[in-house]
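Asker: build me a structure from this.
(chains A and B)
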There are 2 protein chains.
Amino acid sequence: MYTFKDATKEDVDNVMQKAWSAFESYRSFSIKQRAAFMHAIANELTSHASALIPIAMAETHLSESRLQSELTRTVFQLNSYADACEQGNWLDVRIDKVISDRQRPRPDLRKMLIPLGPVIVFGSSNFPFAYSTAGGDTACALAAGCPVIVKAHPAHAQTSEEAASCILKAAKICRMPEGIFTHVHGVSFEVGKELVLHPLTKAVGFTGSLSGGKALFDLATQRKDPIPVFAEMGSINPVYLLPEKLSESALDQAKTYAASINLSVGQFCTNPGLIIGIDGPDLQTFIKNLGEEIKKVSPSPMLHAGIAKSFIANRSKALAQNDVHTVAVSDTRPGENESYPTIASATAQAFMNNPVLHQEVFGPYSLVIKCRDVAEMKSVAEKMEGQLTSTLIATENDIQQNLSLVDKIKDRCGRIILNGVPTGVEVCLSMQHGGPYPATTDSRFTSVGADGIKRFARPVCYQNWPDNLLPDELKDGNPLKIWRTVNNQLTRD
Amino acid sequence: MYTFKDATKEDVDNVMQKAWSAFESYRSFSIKQRAAFMHAIANELTSHASALIPIAMAETHLSESRLQSELTRTVFQLNSYADACEQGNWLDVRIDKVISDRQRPRPDLRKMLIPLGPVIVFGSSNFPFAYSTAGGDTACALAAGCPVIVKAHPAHAQTSEEAASCILKAAKICRMPEGIFTHVHGVSFEVGKELVLHPLTKAVGFTGSLSGGKALFDLATQRKDPIPVFAEMGSINPVYLLPEKLSESALDQAKTYAASINLSVGQFCTNPGLIIGIDGPDLQTFIKNLGEEIKKVSPSPMLHAGIAKSFIANRSKALAQNDVHTVAVSDTRPGENESYPTIASATAQAFMNNPVLHQEVFGPYSLVIKCRDVAEMKSVAEKMEGQLTSTLIATENDIQQNLSLVDKIKDRCGRIILNGVPTGVEVCLSMQHGGPYPATTDSRFTSVGADGIKRFARPVCYQNWPDNLLPDELKDGNPLKIWRTVNNQLTRD
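Answerer: As a prediction, the model looks like this:
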């Protein structure tokens, strides 16, 4: 069914030259014009829903309703990031005016973010719309003023083609320069490599596996001129069950977590893959009921054959480790390319001594870790790698009694959830979707929410420029009416 | 004279364990407490000026007045970054409140920057106070909530000791935890390597050479968990002379630039090492007069023997390149460890074909590049590596006629100056001291100005936390009265 040719080295060079030429004009487009383009893409996606969704259903096995809501999310992202782009707070404008009555006068200094240049986007396998071709990285890069080159995910290349054609239609309507957006195919790693190593490439966005993201990061940092790579590489999203809260709500938590583990066949990067509690009757109740719930969940087709194969292999590997016990599996045997909902358990010691148990099993699988006491739970938290999220199931008293545990957990994640589930990533400015390595390659930035625009920009200071030669963002009269820090005070005047 | 022992691997481990333990309490200190500590350091430096300055004079050969003004700058940095720390804008607080009347309710989400952890600072050779032990990187890291470990620059280790003792005194006065600041010595690269590779190290600040900065960057990015390195690695700071302005002011520019090239014996990272003009009578006038001015400048002692040796070697190497002509040297022959003020010239073709001519000659040396026309000047700009600064000497008409040249220049620097000199880096929020590689390893951050605090912090999102368990920065009542973005609107309420 896959009928696309891998881009050659010559294709890549050609694409990058065109992207650079587009950059030379797009960089000067106003934030209003960029926002209009993003709204136009959102409109095209909306009006092509009836074409996009069936193709994505065929390629990913995701349900119509899931894909419909993902498309709605994608449109919301484009529209809300467009609004943020136009609001201009992300530009971080700082102005310090001349001080002439000083021994050595201070010159006029004005700083704002400017775009980095062409950005390569590698979309995810699990979000064919929201974190792929017309997804978050593309939206952020366009808002920042950067042309985008998307390498289609081979698992949904036709969906990607369709989304790309929506973007190109919007580009035409908005009279964007040729090269503002390009779509290339590549099954081979070589295509990605050529894109990342091209001298005109200035940044990379990636959503996928640790091995894939790390390979791109290594290529990019070892370039003659290193460039930033924003790779979101998955996570096991530990959930810490604190004693008082667990005792109050073991049954509810079991139900809630069974649902979270199986949401979208466990194929979310915030899937709770690790649940840590203190051994005793409450944890036993939790485990038993979580197991009962999981037995009732039927296997479902996974995104594609490769994902299903990896799930089966990683699950088997995890279950085969010493001191890992299978708690429960679905009562129904899976068919081809289907998931096999599974809960396992292990002791804290087994977890701390075995790095395999720290690895993500992408799919509906979760490992429960039994600690002897809170001190051992703290040791587990200390041994934890960087995560997108960590969750505390805790009463206020649990928190107050364990402040240093909370600090350790916070140190190792980008989002810390209290009494909730990690699945469900809101698109808003306060979202942090990112975290210390290996969750991402750069914990200082987010890939969800309009703060993600800043990934693709850098500050430039204008010294001693007359008002009429400055960009509108920096002019004295503040014609764009954006928030700016003038002589250390935030103001819109 | 150098009497300090290199830290051993065990010393480094011991230091890092103590720094981590300090981090566990310091991270929760309020921004007011952090600011008070920084003000106390500033006070100690001020009251120890009479001890600090003679030691620095002996170690660096910088003049008393230069060192006095550098100490004043260092104190200003600490005080002004302390004010910015307490003002809290840098925390980038974003709050999105619950939306309960949605199909799936939106939870309460609140984001702020939190400190990364212990930071290693490698101070510069050329700023023994302002970008060394108690300098900009240390001030920014402390403001962010990070303990600091300074590796003393071997060229001014005694000055570094004295500054460290001021910091430790301030720490005692402010009852800071042990390990909040540590000073280690190391002549061998191994000490730096151990510090950067230690698992408890979370970020690195560096000011120095390209080879030194790149080596640390490579170590840090190839760690099991890569960490950020903010290396400011020098620059040749190109100056573009546009025709109309040059014709108006060739003599004045020659005088101004002779002074800038020789400021502090040419030992500023923003020293103008490259001046690009269009060949013709105006450029000839400029070159001739710049040469006359340089002849009058006497050689002076450089910072230390190593710097002087490098200057002489790099200068000789540059002058020995094909098609490089010596325009003028000081009328006085230099003594031992002294500079030798020099102006050379070359054609644009020679510059574009020879990477050696793109390398910094740290000291009072500048190369004038003669272009045939504006088109060739544009080619030169295109071939330029990343720079801390670029300068345009231009009338408004020159700018309007050459907008694409201006874009090319802006793409390759962090600060773009119009009709001024690059030396003189103001300490204020609008300053950008940073630029595309190889000027720095991360063009998205600055090492001068309070925005530098953000280098040592990352965002964390709190989901669904009750008000009383949130940090003050995120509480509903905004007890710290800081600016925050609440439901997409900036507010102090």
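
Asker: isn't there a helix covering A:P334?
Answerer: No: counting by DSSP: H, G, I helix; E, B strand; the rest coil, one finds A:P334 to be coil, located in no helix.

Asker: does it touch A:P299 like I think?
Answerer: Yes: A:P334 is within contact range of A:P299, at 3.6 Å (criterion: Cβ atoms under 8 Å). For every residue, glycine as well, the C-beta is placed using N, CA and C.

Asker: if I look at those two, which residues touch both of them?
Answerer: Common contacts of A:P334 and A:P299 (Cβ atoms under 8 Å, 6 or more residues apart in numbering or on different chains): A:Y340.

Asker: can you list the domains in chain A?
Answerer: A:9-233+A:443-486, A:238-418 (automatic domain parsing).

Asker: looking at those, which is closest to B:V15?
Answerer: domain A:238-418 (19.5 Å; Cβ to Cβ).

Asker: what separates the first and last residues of the closest one, distance-wise?
Answerer: 12 Å (Cα to Cα, to the nearest Å).

Asker: for burial, what's the neighbour tally of A:E248?
Answerer: 14 (other Cβ atoms under 10 Å in any protein chain shown).

Asker: before we move on, which element is it in?
Answerer: Per DSSP states H and E, A:E248 falls inside helix A:243-262.

Asker: so what touches the next helix or strand after that helix?
Answerer: Proceeding N to C from helix A:243-262, the next assigned helix or strand is strand A:274-278, under DSSP H and E. For strand A:274-278, the surrounding residues in contact (Cβ under 8 Å, 6+ apart) are A:236-241, A:243, A:246, A:257, A:283, A:286, A:290, A:348, A:366-374, A:376-377, A:380-381.

Asker: tell me which of those residues fall in strands.
Answerer: Members of those lying in strands (criterion: DSSP state E): A:238-241, A:366-371.

Asker: between which two of those is the distance greatest?
Answerer: Longest span within the ones in strands among the contacts of strand A:274-278, Cβ to Cβ: A:S366 and A:C371, 16.0 Å.

Asker: looking at those two, which has the bigger crowd around it?
Answerer: Between A:S366 and A:C371, A:S366 has the larger neighbour count (other Cβ under 10 Å), namely 27 against 24.

Asker: what's the pLDDT at the residue of chain A positioned farthest from its centre?
Answerer: Going by Cα atoms, centre = their mean, the residue of chain A most distant from its centre is A:Q103, 50.2 Å out. Looking at A:Q103, its pLDDT stands at 85.

Asker: next one: A:D493
Answerer: 87.

Asker: quick check: it touching A:G477?
Answerer: No: counting by Cβ under 8 Å, no contact exists between A:D493 and A:G477, whose distance comes to 9.5 Å.

Asker: is chain B within reach of stretch A:459-471?
Answerer: Yes: using Cβ under 8 Å from any Cβ of the partner chain, stretch A:459-471 reaches chain B at A:459-466, A:468-469.

Asker: before we move on, back to that, mind putting the domains of chain A into a markdown table with distance to B:S443?
Answerer: A markdown table is the format used below for those (distance: least, Cβ to Cβ, whole Å):
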| stretch | distance to B:S443 |
| --- | --- |
| domain A:9-233+A:443-486 | 4 |
| domain A:238-418 | 23 |
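
Asker: A:D373 and A:L283, how far apart?
Answerer: 12 Å (Cβ to Cβ, to the nearest Å).

Asker: residue of the stretch 251-400 of chain A nearest chain B, please.
Answerer: A:I399 (5.7 Å; Cβ to the nearest Cβ).

Asker: near the closest residue to A:G420 other than its chain neighbours, how many other residues are there?
Answerer: If the residues on either side of it in the chain are set aside, A:G420 comes closest to B:N464, at 5.0 Å by Cβ to Cβ, 6 or more residues apart in numbering or on different chains. When counting by other Cβ under 10 Å, one arrives at 16 neighbours for B:N464.

Asker: just to check, B:N464 is in contact with B:R110?
Answerer: No: in this structure, B:N464 is not within contact of B:R110 by Cβ under 8 Å, at 9.7 Å.

Asker: distance of A:I393 relative to A:M352?
Answerer: A:I393 is 21 Å from A:M352, by Cβ to Cβ.

Asker: still on that earlier bit, what about the residue farthest from the centre of chain A, which SS state?
Answerer: coil.

Asker: now, of the residues of stretch A:459-471 next to chain B, which are buried?
Answerer: A:459-465, A:469 (16 or more other Cβ atoms under 10 Å in any protein chain shown).

Asker: and these as CSV, adding secondary structure and pLDDT?
Answerer: As requested, these are arranged in CSV below (DSSP: H, G, I helix; E, B strand; the rest coil; pLDDT from 0 to 100):
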residue, secondary structure, pLDDT
A:P459, strand, 98
A:V460, strand, 98
A:C461, strand, 98
A:Y462, strand, 98
A:Q463, strand, 98
A:N464, coil, 98
A:W465, coil, 98
A:L469, helix, 97
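
Asker: which of those sits closest to A:M176?
Answerer: A:V460 (23.3 Å).

Asker: checking my notes, A:S25 in a helix, right?
Answerer: Yes: per three-state DSSP, A:S25 lies within a helix segment.

Asker: would TSV of the ones in strands among the contacts of strand A:274-278 with pLDDT be doable?
Answerer: Shown next, in TSV, are those (pLDDT from 0 to 100):
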residue	pLDDT
A:P238	98
A:V239	98
A:Y240	98
A:L241	98
A:S366	98
A:L367	98
A:V368	98
A:I369	98
A:K370	98
A:C371	98
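
Asker: in TSV, list the residues you listed along with distance to chain B.
Answerer: Shown next, in TSV, are these (distance: Cβ to the nearest Cβ, whole Å):
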residue	distance to chain B
A:P238	15
A:V239	13
A:Y240	14
A:L241	16
A:S366	20
A:L367	22
A:V368	22
A:I369	22
A:K370	26
A:C371	21
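
Asker: dump these to a markdown table, plus distance to A:M176.
Answerer: Shown next, in a markdown table, are the ones in strands among the contacts of strand A:274-278 (distance: Cβ to Cβ, whole Å):
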| residue | distance to A:M176 |
| --- | --- |
| A:P238 | 44 |
| A:V239 | 45 |
| A:Y240 | 48 |
| A:L241 | 51 |
| A:S366 | 45 |
| A:L367 | 48 |
| A:V368 | 51 |
| A:I369 | 51 |
| A:K370 | 57 |
| A:C371 | 56 |
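
Asker: re the thing from before, what is the orientation angle of the helix holding A:E248 with strand A:274-278?
Answerer: 160 degrees (axes from the mean of the first three to the mean of the last three Cα atoms, to 10 degrees).

Asker: what does the stretch 301-450 of chain A put close to chain B?
Answerer: A:385-386, A:396, A:399, A:404, A:407, A:410-411, A:413-420, A:424, A:426, A:428-432, A:434, A:436-438, A:441-444, A:446.

Asker: separate out the buried members of these.
Answerer: The buried subset of those (16+ other Cβ under 10 Å) comprises A:385-386, A:399, A:407, A:410-411, A:413-420, A:426, A:428-432, A:434, A:436-438, A:441-444, A:446.

Asker: quick check, A:V204 in a strand?
Answerer: Yes: assigned with three-state DSSP, A:V204 falls within a strand.

Asker: list the contacts of it.
Answerer: A:119-122, A:195-196, A:216, A:220, A:227-231.

Asker: just the buried members of the residues you listed?
Answerer: Buried by 16+ other Cβ under 10 Å: A:119-122, A:195-196, A:216, A:220, A:227-231, out of those.

Asker: quick one: contacts of stretch A:34-54?
Answerer: A:26, A:64, A:67-68, A:71, A:74-75, A:78-79, A:81-83, A:85-86, A:129, A:134, A:139, A:142-143, A:145, A:159, A:162-163, A:166-167, A:169-171, A:173-174, A:176, A:180.
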